[in-house]
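Trainee: Model the following, please.
(one chain, ligands or ions: 1)
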Amino acid sequence: MRRKLVVGNWKMHGSRAANAQLLAGLKEAGPWNADVAVCVPFPYIAETALALTGTTIAYGAQDCSSHEQGAYTGEVSSAMLQDIGCRFAIVGHSERRAYHAESDQLVADKAKASLAHGVTPIVCVGETLAEREAGQTEAVVKRQLAAVIHTLGHCCGEMVVAYEPVWAIGTGLTATPEQAQAVHAVLRAQLQAATDRASAMRIVYGGSVKADNATQLFGQPDIDGGLIGGASLKAADFAAICLAA
Ligand code: PEP
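Mentor: Here you go, the predicted structure:
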């Protein structure tokens, strides 16, 4: 049995005051019957770590560098993330692929750097609306995942995969549980061909997950939790999703 995982992606939201309120609300609402984490903007990681001390809520980053260290202005290494206790780093979010032109290979390199420092990469894959309408969903997610599997080699069983259809992120449109399950099953089969850990790996769904659709989504056989954007910014909303997991 895979334990469900629910991860909040705060994106570029928050302030010290707002975060303190949100984290206090989560502490009060938990613990849950699932693993729960928040991936927060870099400047707030240390304070989040302090706020979550003594709780079971983990924390992480929304990106990491593919480089170990050096002259890479503005980048944050996975060694630094490990140093401040991050459990997770989201890599390959569609917003980074789209706005920062991140290639499949760069995403794979980031996942490798992350794992090298014991920070679990949450590798996002997902198709655009145009790709779905052109019948390319399977080919796109398989291509994105293949780069990571190839780069991580036998370590690929250590990552978390997030299926996030781009057309469902922040739009209020959600993949139906059946649509999401179909893609998760494709991803699971691809992982099965690469690692004997595939059946223990968590593949989470992201894209306008809310308390009222979480139960059905998380009830699918290959959906092992969620990556939650907008609904992770309010303690009550996020807590309700964690409860559904
Ligand atoms: C995300 O940013 O990963 C995401 C899934 O966002 P939202 O839940 O707002 O669609």
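
Trainee: Need the pLDDT of the closest residue to the ligand within the chain.
Mentor: Taking C-beta to the nearest ligand atom, the ligand has its nearest neighbour within the chain at G229, 2.1 Å off. All C-beta spots, glycine's among them, are computed from the backbone N, C-alpha and C. pLDDT, G229: 98.

Trainee: Not counting residues beside it along the chain, what's closest to it?
Mentor: N9 (5.1 Å; C-beta to C-beta, 6 or more residues apart in numbering).

Trainee: Could you tell me how many residues sit around that neighbour?
Mentor: When neighbours are defined as other C-beta atoms under 10 Å, N9 has 27 of them.

Trainee: Got the phi and psi for it?
Mentor: phi -110, psi 100 (degrees, to the nearest 10).

Trainee: and it, what is it in contact with?
Mentor: C39, Q62, I90, H93, G206, L227, I228, G229, S232 (C-beta atoms under 8 Å, 6 or more residues apart in numbering).

Trainee: Which helix or which strand is home to the residue of the chain positioned farthest from its centre?
Mentor: Taking C-alpha atoms, centre = their mean, the residue of the chain most remote from its mean C-alpha position is A71, at 27.6 Å. Using DSSP states H and E, A71 maps to neither a helix nor a strand.

Trainee: K110 versus that one, what's the distance?
Mentor: Going from A71 to K110 by C-beta to C-beta, to the nearest Å gives 18 Å.

Trainee: Give the burial count for G74, as a bare number.
Mentor: G74 is flanked by 5 other residues according to other C-beta under 10 Å.

Trainee: Quick check, pLDDT for it.
Mentor: In this model, G74 carries a pLDDT of 98.

Trainee: what does this protein put close to the ligand?
Mentor: Within the chain, the positions adjacent to the ligand are 9, 11, 164, 169-170, 206-209, 227-231 by C-beta under 6 Å from any ligand atom.

Trainee: just checking, which of these belong to strands?
Mentor: N9, G206, L227, I228 (DSSP state E).

Trainee: My guess is the third one contacts V204. True?
Mentor: Yes - at 5.3 Å, L227 counts as touching V204 under the criterion of C-beta atoms under 8 Å.

Trainee: what do those two both touch?
Mentor: Shared contacts of L227 and V204, defined by C-beta under 8 Å, 6+ apart, comprise V7, I122, A162.

Trainee: could you dump those residues to CSV with secondary structure?
Mentor: As requested, the shared contacts of L227 and V204 are exported to CSV (DSSP: H, G, I helix; E, B strand; the rest coil):
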residue, secondary structure
V7, strand
I122, strand
A162, strand
